[in-house]
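Enquirer: For reference, the sequence and a predicted model appear below.
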Amino acid sequence: MPQNWKTYKLGELYNSTSGLSKSREEFGFGNPFVTFKNVFYNYFLPDKLTELANTNEREVQRSSVLRGDLFLTRTSETLHELGMSSVALKDYPLATFNGFCKRLRLKEDVDFEVDPTFIGFYLRSSKFRSEVGKHSTMTTRASLNNNSIASLEIDLPPFKEQIQIGKILKSLIDKIELNLQMNKTLEEMAMTLYKHWFIDFEFPHSPNSPPLEEYPQGEVVSTSQQVVSTSQQVYSKSQQMQSKSQQDKRQDSPSQQDKQQSKSQQDKRQDSPSQQDKQQSKSQQNARQDSPSQQDERQGKVEHNHPAFQAPLQRRGSHSGDQDGSFLQGKGSYSDDHAPLKGRGIDGARNTVNYMSLPYNPALKERAKALRKAGNLAEVLFWQQVHRKKFLGLDFDRQKIIGNYIVDFYCANVQAVVEIDGSSHDNKQEYDAARDAYLESLGLTVIHITDDAVLKDLPQTMEDLKNYAVFQVGIKDYSAFQEGKD
């Protein structure tokens, strides 16, 4: 030990206090609470205490948690779990601590200063852990009583040296924790990409694909018009096939026609008179029962009048005055009957009214597919959190076409757009602002998240997303839906 270091017993510097013992019913609400795990697994108490306990004013005053407080596990099933330490680097208002721990607070009459960061590392050193083993007892459980704790020895350098040592060690620990977090994130990314590419078979775009940042412009139509257009194409193709079939029939050789005619006459002759009478009687009866329109249909006089095969539908909520395209540029307004609906769809059904009412540029369809297959890492990770209604039971679409734009994520339930912004947005402020203004003119809420936030702290990013007002409605509906299911 260096000459300027001094040896002290903990009892000379600190007062020891026991924590609170609470019944199971008093947890889950109330004030912050330091648990056995908080002490056992951490050199320093977590910045935020997530466990809560119902405590009164007297308990808070007696078992408070202040900067510089040391905590030791005082009892456990094994010796190696005994005397594990954690130090508070700040005050925790209204917080108390667990009865399986001891709190050591520096005595007021001690004129010797102790740096909380340094002592946090020292109490985890092999030298101090060996000291704890010497004073531990084992009966039915391993334990440290007040006398044992007071007898534990520690070696302390001058205060300035404590601060220097503490800073160096803390910076190293912070780097280690950051690397561990990065490794964990990289492992999650690797697993996500593996599933994305080799299980879901959504491969990255090929090198020959056009640049994804170029958005082709074209006529904007509604989603419902796109459905009608597709239906018309299918109907047209079926008509062509039918026409070809009739043409093939006419091209049959005379001998084939004669054979077919001869076979038909032969079948007729084989029918007994009674069978012919029955067929004739049934035909006359059907003719009497059919309405005039049904008879016309039997004779092929009725045209196909299904809505899907008529002229393209106008967008829901559009007016005759919107034919110039002003409505699709955000200059028009919805009528009261066709305003954007705020349906939730929490019961699992897609809100088709919201989904189908949006303007749509079919020229962007292939580009949207290419974007889905591009494998943008931040977007893939976010998609894993929201697809299949994992986020508040809401239904999300990825790379959704809205007008002349492709948005990263769209939630029809609450009319929200979520954009994951990377470095490609750095020099596109004007473009992004124009796009946001257009989307908001359609009644949509636009939320921007940085890809850095997704990659470095995805769980916190998803929690922050829940705090947006548009998703607060989803939280209430989702809770009500869950209660209804139960």
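Expert: Great, that's in hand. Since the structure is predicted, the reported quantities are computational estimates derived from the model, not experimental observations.
Enquirer: can you give me phi and psi for the closest residue to residue 70 other than its chain neighbours?
Expert: Spatial nearest neighbour of residue 70, excluding adjacent residues (CB to CB, 6 or more residues apart in numbering): residue 104 at 4.0 Å. For glycine as for every other residue, the C-beta is placed from the backbone atoms N, C-alpha and C. Per-residue torsions, residue 104: phi -110, psi 120 (degrees, to the nearest 10).
Enquirer: quick one: low-confidence ranges for the stretch 301-450 of the chain?
Expert: Along the stretch 301-450 of the chain, the parts satisfying pLDDT under 70 run over 301-355, 375, 424-427.
Enquirer: at 80 instead, please
Expert: 301-357, 373-376, 423-428 (pLDDT under 80).
Enquirer: can you give me the helices in it?
Expert: Here the stretch 301-450 of the chain has its helices, by DSSP state H, counting those that start in this stretch, at 352-356, 365-373, 377-386, 429-441.
Enquirer: Residue 80 is nearest to which of these?
Expert: helix 377-386 (37.6 Å; CB to CB).
Enquirer: follow-up on the earlier one: my guess is the residue nearest to residue 70 meets residue 11, correct?
Expert: No - Residue 104 is beyond contact range of residue 11, at 9.5 Å (criterion: CB atoms under 8 Å).
Enquirer: These two: which is more packed in?
Expert: residue 104 (24 against 17; other CB atoms under 10 Å).
Enquirer: For that one, name its beta-bridge partners.
Expert: Bridge pairing for residue 104 (DSSP bridges) gives the partners residue 16, residue 70.
Enquirer: gap between it and residue 122?
Expert: 13 Å (CB to CB, to the nearest Å).
Enquirer: Repeat that for residue 84.
Expert: Note on residue 84: its distance to residue 122, by CB to CB, is 14 Å.
Enquirer: on that earlier part again, next up, the contacts around the residue nearest to residue 70.
Expert: Taking CB atoms under 8 Å, 6 or more residues apart in numbering as the contact definition, residue 104 lies against 10, 14, 15, 16, 17, 69, 70, 71, 72, 149.
Enquirer: was I right about the third one contacting residue 109?
Expert: What it means is residue 15. No - Residue 15 is beyond contact range of residue 109, at 10.5 Å (criterion: CB under 8 Å).
Enquirer: Compare the two (neighbour count), which wins?
Expert: Neighbours per residue, other CB under 10 Å: of residue 15 and residue 109, the larger number sits with residue 15, 15 against 5.
Enquirer: Pull the contacting residues for that one.
Expert: Here residue 15 is in contact with 104, 105, 107 (CB under 8 Å, 6+ apart).
Enquirer: Using CSV, please lay out the residues you listed together with distance to residue 459 and pLDDT.
Expert: Shown next, in CSV, are those (distance: CB to CB, whole Å; pLDDT from 0 to 100):
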residue, distance to residue 459, pLDDT
104, 33, 95
105, 34, 95
107, 41, 93
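Enquirer: Share the number of residues neighbouring residue 135, please.
Expert: 17.
Enquirer: again, but for residue 420
Expert: 23.
Enquirer: tell me which residues form a beta bridge with it?
Expert: The partner list for residue 420 in beta bridges (DSSP bridges) reads residue 449.
Enquirer: Surely it touches residue 408?
Expert: Yes - in terms of CB under 8 Å, residue 420 counts as a neighbour of residue 408; the distance is 5.1 Å.
Enquirer: Now the common contact residues for the two.
Expert: residue 379.
Enquirer: can you give me the angle the biggest helix by length in the chain makes with helix 377-386?
Expert: Across the chain, the helix with the greatest residue count (assigned by DSSP state H) is helix 159-194. Computed with axes from the mean of the first three to the mean of the last three CA atoms, to 10 degrees, the direction of helix 159-194 lies at 80 degrees from that of helix 377-386.
Enquirer: Now do the buried residues in helix 159-194.
Expert: Residues of helix 159-194 classed as buried by neighbour count (16 or more other CB atoms under 10 Å): 162, 165, 166, 169, 170, 185, 189, 192, 193.
Enquirer: Pick the one among the residues you listed closest to residue 2.
Expert: Of those, the one sitting nearest to residue 2 (CB to CB) turns out to be residue 165, at 11.3 Å.
Enquirer: Quick check: which element contains the nearest residue to the closest one once chain neighbours are set aside?
Expert: Excluding the flanking residues, the one nearest residue 165 by CB to CB, 6+ apart is residue 118, at 5.5 Å. Counting by DSSP states H and E, the element that carries residue 118 is helix 116-122.
Enquirer: Show me what that helix is packed against.
Expert: Applying 3 or more CB pairs under 8 Å, 6 or more residues apart in numbering; DSSP states H and E, we find helix 116-122 packed against strand 85-87, strand 153-156, helix 159-194.
Enquirer: Show me the beta-bridge partners of the residue nearest to residue 120 when sequence neighbours are not counted.
Expert: Closest residue to residue 120 apart from its sequence neighbours, by CB to CB, 6+ apart: residue 87 at 3.8 Å. Assessed by DSSP bridges, residue 87 has beta-bridge partners residue 44, residue 70.
Enquirer: Give me the neighbour count for the closest residue in space to residue 36 that isn't next to it in sequence.
Expert: Using CB to CB, 6+ apart and skipping the chain neighbours, the partner closest in space to residue 36 is residue 100 (4.8 Å). By other CB under 10 Å, 16 other residues sit near residue 100.
Enquirer: Wait, residue 100 touches residue 22, no?
Expert: No - applying CB under 8 Å, one finds residue 100 not in contact with residue 22, separated by 11.3 Å.
Enquirer: now residue 9: how far from residue 406?
Expert: According to CB to CB, residue 9 and residue 406 sit 69 Å apart.
Enquirer: And for residue 80?
Expert: Residue 80 is 57 Å from residue 406, by CB to CB.
Enquirer: Looking at these two now, which is surrounded by more residues?
Expert: Just comparing residue 80 and residue 406: by other CB under 10 Å the higher neighbour count belongs to residue 406, 22 against 12.
Enquirer: just checking, residue 133 is part of a strand?
Expert: No - with DSSP: H, G, I helix; E, B strand; the rest coil as the criterion, residue 133 is assigned helix and is not in a strand.
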